[in-house]
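Student: give me coordinates for this.
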Amino acid sequence: MSTKHDAIVIGLGIVGCACAWALSRRGLRVLAVGDAPIGGGATAAGMGHVAIMDDSEAQFRLTARSSELWMALRDELPSEAAVDYCGTLWVAADEEELNAAKGKHAFYQKRGVRTEVLDETSIAEAEPNLRSGLAGGLRIIDDSIVYPPVVCEWMLAEVVRRGGAVRFAHVTGATRTRVQLDGGDVIDAGVVVLAGGDVSARLCAWLPVRPRKGHLVITDRYPGFCRHELVELGYLKNAHSHAAESVAFNLQPRPTGQMLLGSSRQYGVEHEEVEARMVAWVIERAKLYMPRIGSLRVVRAWTGFRAATPDSLPIIGGRDGVDEPVIATGHEGLGLTTSLGTAELIAAILTGAPTPLDAAAYSASRDFGGHDGH
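Tutor: Coordinates of the predicted model:
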């Protein structure tokens with residue numbers, strides 16, 4: 001079977017859905033294809049945090065632009081997407097971390113992001129369940145949370161409304177203009193975009209993308225227990241280290257009143273099973289910041305796999321002269337946050353649509369530090 005489409009997007013997670021949606025908005029007839037369900041995989045497993053990050057200039061630009069796009073989209077999204085501008089509170093345990101928070105504040109202020117430094121008194125007022133004696137923190141005012149599976153469903157409904165289609169199928173091969181499905185079907189298109197998260201390397205073997213397992217825990221409903229997304233200032237050190245295992249305190253209040261707790265990272269673990277020792281580690285880490293966490297009733301724990309790259313930046317775009325799909329993967333824990341900026345960049349690369357983002361920082365041809373992509 002051969003069907004002509006302007007574009008095929010492989011992957012039904014938030015990055016794939018956003019790319020399909022962005023291309024369809026620019027007039028392309030898009031087929032979104034991938035393993036069911038829509039918004040599954042890392043998208044369903046993640047925390048749903050839209051955060052402006054400052055770990056590098058390239059990461060900042062992509063997250064800040066994406067945050068702008070999320071803010072512009074919020075009134076279009078269905079209420080079930082549960083958008084909540086709760087803000088992020090980076091928690092400083094001591095004076096050294098508070099100085100780091102002040103450095104982050106200066107970085108953000110210079111770039112027009114609304115932030116506020118909190119001292120020991122004001123952080124206790126902002127989050128009464130934090131332990132006493134914390135040095136302070138940094139509030140990122142316009143960070144938000146959203147429920148991504150609903151957004152994925154909405155985006156693909158928009159793709160279909162504009163004449164596109166969705167197909168549940170396992171992709172076994174892909175070139176720049178052709179996709180092969182399990183069972184032998186071959187589908188042609190003007191261009192193919194690979195946005196398959198950590199499984200993308202199965203279709204493009206050179207990709208320096210590794211799965212990084214994470215555990216999350218959710219509690220029963222405790223409205224008001226926590227008001228902001230809380231993250232320890234040691235989080236980035238854990239997120240961007242390449243140690244085999246790490247855990248950092250990350251707590252999110254869901255609109256339901258439930259508390260969503262993370263965050264762990266593991267390389268080299270390919271099974272999906274929930275590991276009791278990792279769950280215990282996540283909870284014990286959280287109790288260092290919020291001792292009462294231990295009294296909340298846990299109702300579920302689960303795992304997911306983030307798509308990690310060596311330099312902690314996603315891979316967006318194609319390689320010249322290589323018959324392979326255009327790439328949109330490697331977002332690690334920022335897939336939701338950066339999905340809209342990624343989609344805008346993919347649309348710019350493929351259609352010439354405007355974007356303030358510079359594609360070079362995320363290029364598939366960049367130097368990955370020992371992984372040159374060839």
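
Student: now the strands for the stretch 151-300 of the chain?
Tutor: 165-168, 171-174, 178-181, 186-194, 210-221, 229-232, 245-253, 258-267, 298-308 (DSSP state E, counting those that start in this stretch).

Student: next: the stretch 1-150 of the chain.
Tutor: Going by DSSP E, counting those that start in this stretch, the stretch 1-150 of the chain shows strands at 4-10, 30-34, 49-50, 88-92, 115-119, 136-140, 144-145.

Student: ok, now which ones touch the residue sitting nearest the centre point of the chain?
Tutor: In the chain, the residue lying closest to the centroid (CA atoms, centre = their mean) is residue 335, at 2.2 Å. Contact analysis of residue 335 by CB atoms under 8 Å, 6 or more residues apart in numbering lists 13, 14, 15, 42, 43, 46, 197, 306, 307. Where C-beta positions appear, they are placed from N, C-alpha and C, glycine not excepted.

Student: nearest to residue 222, of those residues?
Tutor: Nearest to residue 222 among the contacts of residue 335 is residue 46, at 21.3 Å by CB to CB.

Student: that closest one contacts residue 302, correct?
Tutor: No - counting by CB atoms under 8 Å, residue 46 does not reach residue 302; the two are 10.5 Å apart.

Student: please identify which of the two sits among more neighbours.
Tutor: Each of residue 46 and residue 302 has its neighbours counted (other CB atoms under 10 Å); residue 46 has more, 24 against 14.

Student: tell me how far the more buried one lies from residue 305.
Tutor: 10 Å (CB to CB, to the nearest Å).

Student: same check on residue 197?
Tutor: In terms of CB to CB, residue 197 sits 7 Å off from residue 305.

Student: again, but for residue 43
Tutor: To residue 305, residue 43 is 11 Å away according to CB to CB.

Student: neighbour count winner among these two?
Tutor: Each of residue 43 and residue 305 has its neighbours counted (other CB under 10 Å); residue 43 has more, 26 against 20.

Student: find the residue closest to that one in space, skipping its chain neighbours.
Tutor: Excluding the flanking residues, the one nearest residue 43 by CB to CB, 6 or more residues apart in numbering is residue 13, at 4.0 Å.

Student: try residue 202
Tutor: Nearest non-adjacent residue to residue 202, counting by CB to CB, 6+ apart: residue 196, 7.7 Å away.

Student: same check, this time on residue 152
Tutor: residue 39 is the one closest to residue 152 (CB to CB, 6+ apart), at 3.4 Å.

Student: so what's the residue count around that neighbour?
Tutor: For residue 39, using other CB under 10 Å, the count is 21.

Student: go on, residue 223?
Tutor: 11.

Student: quick one, phi/psi of it?
Tutor: Backbone torsions for residue 223, taken as degrees, to the nearest 10, come to phi -60, psi 130.

Student: quick check: pLDDT value at it.
Tutor: Residue 223 carries a pLDDT value of 97.

Student: got it, and residue 355?
Tutor: 96.

Student: how about the residue nearest to it when sequence neighbours are not counted, secondary structure?
Tutor: Leaving aside its chain neighbours, residue 355 sits nearest to residue 348 (4.1 Å; criterion: CB to CB, 6+ apart). Under DSSP: H, G, I helix; E, B strand; the rest coil, residue 348 falls in the helix class.

Student: quick check, pLDDT for residue 348.
Tutor: Reported pLDDT for residue 348: 98.

Student: now do the contacts for it.
Tutor: 354, 355, 357, 359.

Student: what residues are up against residue 290?
Tutor: Residues counted as contacts of residue 290 (CB under 8 Å, 6+ apart) are 129, 130, 131, 226, 230, 251.
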